[in-house]
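S.K.: Predicted model, plus sequence, below.
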Amino acid sequence: MRLPYVTLRLERILLFLIGGSSAAALNLVLAYIGVDLLGFSSELHQNYVNIVTMEAGLVYSFFVYRAFVWKDKVSSPRRILLRQLPVYHLSAGAAILARGLLIFPLLQLLGMHYLLNITIGLLSGAVITYILSDRYVFTAYFSESNS
């Protein structure tokens with residue numbers, strides 16, 4: 001009977017989408033604070049703000065996913081910080097590269113409107129991040145030698 005597995009998978013996907021949405025909201029709030037409230041408004045400063053908010057959003061989303069989406073995957077604090085968090089950064093980087101170097105240019109070449117293109121990129125990035133996170137980042141901890 002596969003129903004419990006399917007239910008767990010759907011619950012994970014829903015929690016992943018909620019966590020990702022909250023990370024996106026955090027990015028926007030931090031960007032607003034940096035640019036509009038703290039005055040980092042030049043193009044160069046906005047780029048710095050973007051980098052800082054992306055990193056804050058990545059770390060935030062990692063711990064949200066760790067605590068709520070893949071909470072059943074037991075790991076030591078050492079493994080979480082020294083393996084899972086760096087691998088999560090790599091998986092997010094893979095999604096960003098796929099969006100920026102493959103998906104967006106290809107759809108742009110095909111004449112797709114940029115807003116639809118970005119939306120498809122966001123969705124494909126979420127799919128890539130979910131798959132990599134599920135298979136490689138939040139794997140169950142078995143022994144310290146697996147770290």
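M.R.: Done, it's in.

S.K.: How is the protein partitioned into domains?
M.R.: The chain breaks down into these domains under automatic domain parsing: 1-72, 73-147.

S.K.: Walking through the chain, point out its strands one by one.
M.R.: Counting by DSSP state E, the chain forms no strands at all.

S.K.: Listing request: residues of it with sub-threshold pLDDT.
M.R.: Counting by pLDDT under 70, the ranges of the chain that qualify are 1-3, 140-147.

S.K.: longest single helix anywhere in it?
M.R.: For the chain, the longest helix by residue count, based on DSSP state H, is helix 3-32.

S.K.: Next, the buried residues of that helix.
M.R.: Residues Arg12, Leu15, Phe16, Gly19, Gly20, Ala23, Leu26, Asn27, Leu30, Ala31 are the ones in helix 3-32 that count as buried (16 or more other Cβ atoms under 10 Å). Where you see a C-beta, it was placed from the backbone N, CA and C, and this is true even at glycine.

S.K.: With stretch 58-75 instead?
M.R.: Result for stretch 58-75 [16+ other Cβ under 10 Å]: buried residues Leu58, Tyr60, Ser61, Phe62, Val64, Tyr65, Arg66, Val69, Trp70, Ser75.

S.K.: just stretch 38-53 next, same as before
M.R.: Neighbour-count burial for stretch 38-53 [16+ other Cβ under 10 Å]: Phe40, Val49, Thr53.

S.K.: would a markdown table of those residues with distance to Pro86 be doable?
M.R.: As requested, the buried residues of stretch 38-53 are exported to a markdown table (distance: Cβ to Cβ, whole Å):
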| residue | distance to Pro86 |
| --- | --- |
| Phe40 | 28 |
| Val49 | 24 |
| Thr53 | 20 |
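
S.K.: and of the residues you listed, the nearest to Tyr136?
M.R.: Looking at the buried residues of stretch 38-53 and their distance to Tyr136, the nearest is Thr53, at 24.9 Å (Cβ to Cβ).
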